[in-house]
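>>> My questions are about this predicted structure, shown below with the sequence.
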Amino acid sequence: AQKVTQAQTEISVVEKEDVTLDCVYETRDTTYYLFWYKQPPSGELVFLIRRNSFDEQNEISGRYSWNFQKSTSSFNFTITASQVVDSAVYFCALSEAASGSRLTFGEGTQLTVNP
Amino acid sequence: DAGVTQSPTHLIKTRGQQVTLRCSPKSGHDTVSWYQQALGQGPQFIFQYYEEEERQRGNFPDRFSGHQFPNYSSELNVNALLLGDSALYLCASSERRGYGYTFGSGTRLTVV
């Protein structure tokens, strides 16, 4: 069975600080996809990144970066120089190829960036 | 290019009633999935439709049913509503067997 754990329920930082959101996953499948979504108060899930299990290269997109480590089953997300607009709930999700395209989400991390 | 559209945005129902939620997928997408997100929790997969059939189902009772129309739009029906059904219901569309999901803003259902 697939499972995603986001141990950090809430994180509060001051603007311009760097912050890392942790994600640990469990799967028996060798082919899977990992995702990060941002959910602002409006409710819509905004796609941030998708990574497949065969690509362990870290990725950077502007102030966002992702560290995928299969050895520790982790897919952590770092925001550099955080801004107030980054305040939202962030979800990590997993999709196994064997289970079709259904997503299993973690419980989410509420990030608050204070001015 | 319109994204995923859900209606209504908010809904209040009485325990025991039935409700229908609607979703129009993003242009070019033929697969629709539904998720339930209780307050303070991550979304939980309900089911997925493509080619007008239910293809996958999560751990939800038969009170939850759905439908997909020839234009790929979809409905989620919940019968005999319980207080615990109060949640944000999210619709996601994708290309068949694809992994590029687009989510709508959801329907917030309150059961009183």
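Yes, it's here. Residues are numbered from 1 along each chain as shown, chains lettered A, B, ... in the order given.
>>> Look up phi and psi at residue A:98.
Torsion angles at residue A:98 (phi, psi; degrees, to the nearest 10) stand at phi -70, psi -20.
>>> Once you drop chain neighbours, what's closest to it?
residue A:29 (4.9 Å; Cβ to Cβ, 6 or more residues apart in numbering or on different chains). Just so you know, the C-beta spots here come from the backbone N, C-alpha and C atoms, and that holds for glycine as well.
>>> Next up, identify which helix or strand the one you found is on.
Assessed by DSSP states H and E, residue A:29 sits outside every helix and strand.
>>> likewise residue A:66?
Residue A:66 belongs to strand A:64-69, assigned by DSSP H and E.
>>> which secondary structure elements does that strand contact?
strand A:46-52, strand A:59-61, strand A:74-79 (3 or more Cβ pairs under 8 Å, 6 or more residues apart in numbering or on different chains; DSSP states H and E).
>>> Figure out which of those strands is closest to residue B:25.
Closest to residue B:25 of these, according to Cβ to Cβ: strand A:46-52, at 14.9 Å.
>>> Quick check: the gap between residue B:96 and residue B:68.
Remark: distance between residue B:96 and residue B:68 (Cβ to Cβ, to the nearest Å) = 12 Å.
>>> what about these two, which has more around it?
Each of residue B:96 and residue B:68 has its neighbours counted (other Cβ atoms under 10 Å in any protein chain shown); residue B:68 has more, 22 against 11.
>>> okay but the more buried one is in contact with residue B:53, surely?
Yes - if you go by Cβ atoms under 8 Å, residue B:68 and residue B:53 touch, sitting 7.4 Å apart.
>>> what are the bridge partners for the residue of chain A at minimum distance from chain B, then?
For chain A, the residue closest to chain B is residue A:105, as judged by Cβ to the nearest Cβ, at 3.4 Å. When bridges are called by DSSP bridges, residue A:105 pairs up with residue A:93.
>>> Chain B contacts on chain A?
Applying Cβ under 8 Å from any Cβ of the partner chain, we find that chain A lies next to chain B at A:4, A:33, A:35, A:37, A:42-47, A:50, A:91, A:93, A:95, A:99-108.
>>> could you flag which of the residues you listed are buried?
A:4, A:33, A:35, A:37, A:43-45, A:91, A:93, A:95, A:99, A:101-108 (16 or more other Cβ atoms under 10 Å in any protein chain shown).
>>> need the contact list for the residue of chain A closest to chain B.
Going by Cβ atoms under 8 Å, 6 or more residues apart in numbering or on different chains, residue A:105 touches A:4, A:37, A:91-93, B:42-44.
>>> Quickly run through the sheet partners of the helix or strand of chain A with the lowest mean pLDDT, with directions.
In chain A, no helix or strand scores lower on mean pLDDT, DSSP states H and E than strand A:59-61, which sits at a mean of 87. The strands that strand A:59-61 pairs with in its sheet are strand A:64-69 (antiparallel) (by DSSP bridges).
>>> what inclination does the partner strand have with respect to strand A:46-52?
30 degrees (axes from the mean of the first three to the mean of the last three Cα atoms, to 10 degrees).
>>> On the strand side of things, show who the nearest residue to residue A:21 once chain neighbours are set aside bridges to.
Closest residue to residue A:21 apart from its sequence neighbours, by Cβ to Cβ, 6+ apart: residue A:77 at 4.5 Å. Beta-bridge pairing of residue A:77, defined through DSSP bridges, involves residue A:21, residue A:66.
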